[in-house]
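[1] I would like the atomic coordinates for the input below:
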Amino acid sequence: MDTSDSVTVLFLCFLTLFSLTDCSTCQRNILEGDSLTFKLTDGPLKEDDKFTIKKDNKLLVRKRNIKQNERWILKNTSLELQHVKLSDSGNYTVDVFDGNGKNLKSYTETVCVYVKIPKPRVNVTCQDENVNFICEIEDTKDLSFSWYKNGKDFKNNTFKVLRNVETDKSKYTCTAENPVHNNTSDPVEAACLKPNVNNKIFGFDRGIMVGILAGGGAFILLVMIVLVTVACRSRKRHARQQQDKEKFGLYTIICSSPGDRNLNQTTRDQPTSPEIYNNVSAKEVAQVPCLTKSRSGNQKHALPPPLSIDEEEEQPKPLPQPRKKAQVRKCEGLL
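    Numbering: from 1, shown residues only. Model prediction:
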């Protein structure tokens, strides 16, 4: 390519704001990560020969500072750029001079760097009795698509979406490609699942009925938990009240007056469980007024302990005695 053609290509690219995709052609298509080689001379490069490489009219590298950039490697007749990136896309100008400054070689070429295409995935959607295919891929920039039916080209379709495909058991694949790389999806079948009319319970959809039954079961379980909790609390409250009544009966026995025989007799007839005394603390007994008063008087007027039931039964009842006759004194005067 001569100098006039190179200038024309650069001018067209500048008109498109340096956009590589807007340039009609790319002289070099490189896959990201590969190496880009620029030819310098047809024969071996002499020691006093010089060269410069520009990208988009900006000096990129020259011979005297070639060792300062690790990505550039100078070989016998060429210069190699390793590990190409997407940002390396652009218009490169190569100029080679001899020791006298004579131009030995000069050319310009447009370089386009493309990414490696990931594996696409075919998404199937149903519409009435037909099937729509969508070739899904992460990045669709600079990509073209092709569809295959059972391994053969199908309808020469180059779009991402394939519409109105009749349902059958054929296998369809999608291929995404750019100028340097391509990748093909896994095969899918052009079939749609028909709705199951028997997939109902009591005339309702199975999913709805399962949700209703699950909700009802959860509600019943919640009600049972509430009822059990209320019953347990009620039982504890009743036991506490019964214990309070027994303690009140004990206080009545302790504080009864000595003259209240009927109350003592009734209390004797009703034996008191020792468990009641065990549940009464010393602090509670100290709070009884009658016991406190008794302790203040040093127990001088304490009543003798009442006889037990067995002692009362052992004592014999007194026998009736005959009435004694009164002695009559005789009056001597009368006789």
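[2] Quick check: Ile208 is in a strand.
    No - using DSSP: H, G, I helix; E, B strand; the rest coil, the secondary structure at Ile208 is helix, not a strand.
[3] and Ala214, which of the three is it?
    helix.
[4] and the gap between it and Ile220?
    Separation of Ala214 from Ile220 (Cβ to Cβ, to the nearest Å) stands at 11 Å. Glycine gets a C-beta too; all of them are placed from N, C-alpha and C.
[5] what's near enough to touch the closest residue in space to Ala190 that isn't next to it in sequence?
    If the residues on either side of it in the chain are set aside, Ala190 comes closest to Val131, at 4.7 Å by Cβ to Cβ, 6 or more residues apart in numbering. For Val131, the contact set (Cβ atoms under 8 Å, 6 or more residues apart in numbering) comprises Val124, Thr125, Val165, Glu166, Thr167, Ala190, Ala191, Cys192.
[6] Need the buried ones from those selected in PyMOL.
    Command for PyMOL, covering only those of these found buried under the criterion 16 or more other Cβ atoms under 10 Å:
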select buried, resi 165+190
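[7] could you dump the contacts of Val131 to TSV with secondary structure?
    Output for the contacts of Val131, formatted as TSV (three-state DSSP):
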residue	secondary structure
Val124	strand
Thr125	strand
Val165	strand
Glu166	strand
Thr167	coil
Ala190	coil
Ala191	coil
Cys192	coil
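[8] how close does Gly43 sit to Asn100?
    Distance from Gly43 to Asn100, by Cβ to Cβ: 17 Å.
[9] before we move on, back to that, looking at the contacts of Val131, spot the one nearest Ser106.
    Distance to Ser106 across those (Cβ to Cβ) is lowest for Val165, with 54.2 Å.
[10] Tell me the bridge partners for the closest one.
    Taking DSSP bridges as the rule, Val165 bridges to Val131.
[11] quick one, what contacts it?
    Val165 touches Asn130, Val131, Asn132, Phe133, Tyr172, Ala190, counting by Cβ under 8 Å, 6+ apart.
[12] What is the most widely separated pair among these?
    Farthest pair in the contacts of Val165, by Cβ to Cβ: Asn130 and Tyr172, 13.0 Å.
[13] the more surrounded of these two?
    Tyr172 (22 against 14; other Cβ atoms under 10 Å).
[14] ok but the more buried one is inside a helix, no?
    No - counting by three-state DSSP, Tyr172 falls outside a helix, being strand.
[15] if you go through the stretch 51-200 of the chain in chain order, where are the strands?
    With DSSP state E, counting those that start in this stretch, the ranges of strands along the stretch 51-200 of the chain come out as 58-62, 72-74, 78-81, 90-97, 103-114, 121-127, 130-136, 144-149, 152-153, 161-166, 171-178, 181-184, 188-189, 200-201.
[16] how about CSV for the ones you listed, with mean pLDDT and distance to Thr229 added?
    Converted to CSV, the strands of the stretch 51-200 of the chain look like this (pLDDT from 0 to 100; distance: least, Cβ to Cβ, whole Å):
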stretch, mean pLDDT, distance to Thr229
strand 58-62, 89, 81
strand 72-74, 89, 81
strand 78-81, 90, 78
strand 90-97, 94, 77
strand 103-114, 93, 70
strand 121-127, 86, 52
strand 130-136, 86, 54
strand 144-149, 90, 65
strand 152-153, 84, 71
strand 161-166, 79, 60
strand 171-178, 91, 61
strand 181-184, 93, 63
strand 188-189, 86, 56
strand 200-201, 61, 34
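[17] if we compare these, which one ends up closest to Lys39?
    That would be strand 78-81 among the strands of the stretch 51-200 of the chain, by Cβ to Cβ, at 5.0 Å.
[18] Please name every helix or strand in contact with the closest one.
    The contact analysis (3 or more Cβ pairs under 8 Å, 6 or more residues apart in numbering; DSSP states H and E) places strand 78-81 against strand 36-39, strand 72-74.
[19] So which residues make contact with that strand?
    35-40, 51, 53, 61, 66, 71-74, 88.
[20] Pull out the buried residues from it.
    In strand 78-81, counting by 16+ other Cβ under 10 Å, buried: Leu79, Leu81.
[21] Each with direction, which strands does it pair with?
    Counting by DSSP bridges, strand 78-81 is paired with strand 36-39 (antiparallel), strand 72-74 (antiparallel).
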